[in-house]
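Enquirer: sequence unknown, structure follows:
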């Protein structure tokens, strides 16, 4: 299967998840509420969107780790003569591991997004738990810390003069998740966390 098509299969759900977390998600929630009644409520839409984005981030991280392992076996996945070449980025042994422990960035991404998915899903299932607000803050701090890692990885890409499409999509997922956790915390603080009363 074409690697750009696979990338699109990650981008489309991430866009849907992002849309659910914005004011534009209200229209989508209203349109789908006859089939999915929970989407009429802002908190439920928001948390569904956040779960989708963190799941996409986890899946992309798994994919980048797979690409790294495939390249180490002598294979080629998405080599290109253009600036977009995940093979050149993920196949560079000097840059594709963290500088301290030598762990693959794909594996680190898997653990990071797996943690974020756990936090988002747990809060979505138990929104009124005493620890829910603390989990949202932890998710925000984790994704904010991820910006430092993204900055480092982007500096590697600039040095190589190559861009990894999958890595960039994972970076965007982190930024969107950071917004999602921050916005969920604001909803909690502003008293917008409870489901709206039914108009019926």
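Expert: Received it, and whenever you're ready, just let me know what you need. Small disclaimer: the values here were computed from a predicted structure and weren't measured.
Enquirer: Give the rounded mean pLDDT of the lengthiest helix in the chain.
Expert: Secondary structure of the chain per DSSP state H: the longest helix is helix 42-72. Average pLDDT, helix 42-72: 92.
Enquirer: show me the contacts for residue 19.
Expert: Taking CB atoms under 8 Å, 6 or more residues apart in numbering, we find residue 19 in contact with 25, 28, 49. Any C-beta I mention is one placed from the backbone N, CA and C, and that applies to glycine too.
Enquirer: Low-confidence regions, this protein specifically.
Expert: 1, 75-77, 79-81, 196-200 (pLDDT under 70).
Enquirer: Recalculate using a threshold of 80.
Expert: Under the criterion pLDDT under 80, the flagged ranges of the chain are 1-4, 29-30, 32-33, 38, 72-88, 91-94, 195-200.
Enquirer: residues contacting residue 156?
Expert: Contacts of residue 156 by CB under 8 Å, 6+ apart are 89, 92, 95.
Enquirer: tell me which element it is part of?
Expert: Using DSSP states H and E, residue 156 sits within helix 132-160.
Enquirer: tell me which residues in that helix are buried?
Expert: 132-133, 135-137, 139-140, 142-143, 146, 149-150, 153, 156-157, 160 (16 or more other CB atoms under 10 Å).
Enquirer: on that earlier part again, which of the residues in the longest helix of the chain are buried?
Expert: 42-65, 67-68, 70-71.
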